[in-house]
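> Just to be clear, the model below is a prediction. Sequence and coordinates:
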Amino acid sequence: MTTTKTMQKTLPKGWKMVKLGEVAKIVSGSTPSTSDPAYWDGDITWVTPADLSKLDTIEINNSERKITTKGYQGCSTTMLPAGTVLFSSRAPIGHLAIAGKEMCTNQGFKSLIPNEKTNSFYLFFILKHFKERLISLGSGATFKEISKTSVEKFEIPLPPLPTQHKIVEILEEADNLRKFRQQADEKMKDLIPSLFVQMFGDPAINPKKWSIKKLEEVCTKITDGSHRTPKLLDKGYPFLTVTNLRNGSFDFSDVKYISDIDYKDLIKNDCKPLKGDVLFSKDGTIGKVVEIKEEKEFVILSSLAILRPQPKIIHSTYLAKIALTDFFINQAKEKQSGSALRRIILRSLKSVKIPLPPLPLQQEFAKLVEDIEAEKARQAESKKKLDELFQSLMQRAFTGELAA
């Protein structure tokens, strides 16, 4: 680990290594008694780490719960001035925000009130940069917590105030680019469901009076994966379960593998999905869906159902997207069985009813979905590059490179 003396030697002229306690007053918070209603539902903003976990801006100006003046006086929390850096010190360590106005916090914080030589936003970004190191200082058996003393003694590089302002300006601009990318990504999430309703109408109402078909009438096969779990290995053929279906695609990051012998045995029993199939999770977590768009060498557990559409009747993309609707999933859930583990049996899944638009309209929808997915992939790559840029700028900012 780089020592403080080593870091000091590499810093530009005018920079110095300082303890956080030298540039900010570190204060804790507190919680009024929850049994006294006179302490609650007032007009004093009282922040918890949970409030920061939902935050998508640097500054915070509101809280889910508020306390009264009596509540404030009845506990040892501190009224923090605007510009205070809120740093969650437990459950979890490392959430950050800057107070946009006067407020107080619960005991899950070590808040930093910067002195006149320290820019609040500089302090925010440098704590963000050193987040993992700060987390490593936490201790405790039940949950990790970083002490006030540890925060006070933690050392950071500090440039002159004008340089801090320059660094903040650059990092804020880069951070805003990331947020604009995130906002665009959020809008893209709703685009395909909106397009579905626009082209086909709400399937629960079926305003366009499409014919209604049972799932078994539009599929050549409805089956599930292996009803036995073969020996799992660190390499071989992927053996997928519900946990490997995430956000409409496959996640192979924690996949298990099976041997060549087990793979050949299982594909005899139709446990291998094919290109054009739709996977639907039917055990435990119900309603995860993936459309298989290319041939892959893997097999699945029985918690996943294989829906193999008749290509002359129904397009796999239409089937995949209607399987994600509340209309489809609610029908499926009504047919659940099992007390401990909730599951849908194949016979019940086959009887789920769906509206069936003309195939050319489904094909038009599938092409539009393909275009949207391609744009989402480009946006994901853009987000990755912006994140990398931001991390690079952070690294350069606190070594003096960026200011130079």
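Perfect, thanks for sending it. Numbers count the residues shown, from 1 in each chain.
> From here on, just use CA atoms for contacts and neighbour counts.
Fine.
> where does Met103 fall, phi/psi-wise?
According to degrees, to the nearest 10, the main-chain angles of Met103 amount to phi -170, psi 170.
> how far away is it from Glu217?
With distances taken as CA to CA, to the nearest Å, Met103 is found 61 Å from Glu217.
> what are the phi and psi angles of Glu145?
The phi/psi pair for Glu145 (degrees, to the nearest 10) reads phi -140, psi 140.
> need the contact list for it.
If you count contacts by CA atoms under 8 Å, 6 or more residues apart in numbering, Glu145 has them with 89-93, 138-139.
> now Pro203
Taking CA under 8 Å, 6+ apart, we find Pro203 in contact with 197, 327, 354-355.
> Mind doing that once more with 7 Å?
Each residue near Pro203 by CA atoms under 7 Å, 6 or more residues apart in numbering is listed here: 327, 355.
> now do the one 5 residues further on
With contact taken as CA under 7 Å, 6+ apart, Lys208 is in contact with Gly201.
> helix/strand/coil for it?
coil (DSSP: H, G, I helix; E, B strand; the rest coil).
> Quick check: it vs Gly201, distance?
Distance from Lys208 to Gly201, counting by CA to CA: 7 Å.
> Wait, a strand at Thr149?
No: assigned with three-state DSSP, Thr149 falls outside any strand and is helix.
> burial of it, as a residue count?
Other residues lying near Thr149 total 12 when counted by other CA atoms under 10 Å.
> Next, the contact list for the closest residue to Asn61 other than its chain neighbours, please.
Closest residue to Asn61 apart from its sequence neighbours, by CA to CA, 6 or more residues apart in numbering: Gly100 at 5.2 Å. With contact taken as CA under 7 Å, 6+ apart, Gly100 is in contact with 59-61, 82-83.
> Show me how far the helix or strand where Lys189 lies is from its chain's centre.
Using DSSP states H and E, Lys189 falls within helix 161-200. Offset of helix 161-200 from its chain centre (CA atoms, centre = their mean, to the nearest Å): 15 Å.
> Surely Ile354 is in contact with Ile212?
Yes: at 5.6 Å, Ile354 and Ile212 qualify as touching, with contact defined as CA atoms under 7 Å.
> Who has more neighbours out of the two?
Each of Ile354 and Ile212 has its neighbours counted (other CA under 10 Å); Ile354 has more, 22 against 14.
> does the more buried one count as helix, strand or coil?
Three-state secondary structure (criterion: three-state DSSP) places Ile354 in strand.
> For it, give the beta-bridge partners.
Bridge pairing for Ile354 (DSSP bridges) gives the partners Lys213.
> Distance of it relative to Gly225?
23 Å.
> now Lys214
21 Å.
> More neighbours: which of the two?
Neighbour count, other CA under 10 Å: between Lys214 and Gly225, Gly225 has more, with 23 against 15.
> so the more buried one touches Asp283, yeah?
No: here Gly225 lies out of contact with Asp283, judged by CA under 7 Å, at a distance of 11.4 Å.
> Common neighbours of those two, please.
When CA under 7 Å, 6+ apart defines a contact, the residues bordering Gly225 and Asp283 alike are Ser303.
> And for Arg342, the neighbour number?
The number of residues packed near Arg342 is 16, by other CA under 10 Å.
> pretty sure it contacts Asp283?
Yes: Arg342 lies in contact with Asp283 (CA under 7 Å); the separation is 6.0 Å.
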